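**Student:** Provide a 3D model corresponding to the input given below.
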Amino acid sequence: MHEIRIAEDLSLIILETTRMKKLSKVTKVNISFGQLIQIVPDIFEFAFREIVRNSVVQDAEIDIEIIPVKMKWLAWLTATYIIWALIFSTWLSRLYLLTMYANYLLFFGPYFLGRLKAYYRREKFKRDMQAGQIGTDESDK
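**Tutor:** Below is the predicted model:
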């Protein structure tokens, strides 16, 4: 539903620009959206075409580009928000966040702990292999 509102705002900007520059026709409209805004391009284009019907933008070609977001940046943004909320929120909000993440750790904690132990075992094995402590037969000594 927010596609309609964005199309209305964009049409107002385009029509105002055409009036200021005294343009008689707009041939192409380039639009870039971030992936997180969750625009459905077909719905947006339909809404935009309906809004600009009978105007100088009516026959314009619409080029919609969706800019992808890397998930690692989204994760960093989320972590930053959580830390900010823990520092500046009310006590009730802090309690809510701590309870929520404690529940997460209770469920996934053993899995993460197992992965951490496996990582350290692999690293120790690699160090022992490089030092020559593994691979020799004990009976040869």
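
**Student:** Point out the other helices and strands that the helix or strand that Met100 is a member of packs with.
**Tutor:** Secondary structure assigned from DSSP states H and E places Met100 in helix 91-131. For helix 91-131, the elements it packs on are helix 71-88, judged by 3 or more Cβ pairs under 8 Å, 6 or more residues apart in numbering; DSSP states H and E. Quick note: C-beta positions are derived from backbone N, CA and C, even for glycine.

**Student:** buried residues in the helix it packs on?
**Tutor:** Buried residues in helix 71-88, counted by 16 or more other Cβ atoms under 10 Å: none are found.

**Student:** so where's this protein shaky on pLDDT?
**Tutor:** Scanning the chain for pLDDT under 70 picks out 1, 135-141.

**Student:** Give me the domain ranges for it.
**Tutor:** Using automatic domain parsing, the domains assigned to the chain come out as 2-67, 72-131.

**Student:** which of those domains is buried the deepest?
**Tutor:** domain 2-67 (a mean of 14; mean count of other Cβ atoms under 10 Å).

**Student:** Any idea how far apart the tips of that domain sit?
**Tutor:** The straight-line separation of the ends of domain 2-67 (Cα to Cα, to the nearest Å) is 18 Å.

**Student:** Direction-wise, compare the helix holding Met100 with helix 71-88 and give the angle.
**Tutor:** 130 degrees (axes from the mean of the first three to the mean of the last three Cα atoms, to 10 degrees).

**Student:** from the middle of its chain, how far away would helix 91-131 be?
**Tutor:** Averaging C-alpha positions (Cα atoms, centre = their mean, to the nearest Å) puts helix 91-131 24 Å from its chain's average.

**Student:** Could you do stretch 22-41 as well?
**Tutor:** Relative to its parent chain, stretch 22-41 has a centroid offset of 21 Å by Cα atoms, centre = their mean.

**Student:** Also stretch 113-132?
**Tutor:** With Cα atoms, centre = their mean as the basis, stretch 113-132 stands 34 Å off its chain's centre.
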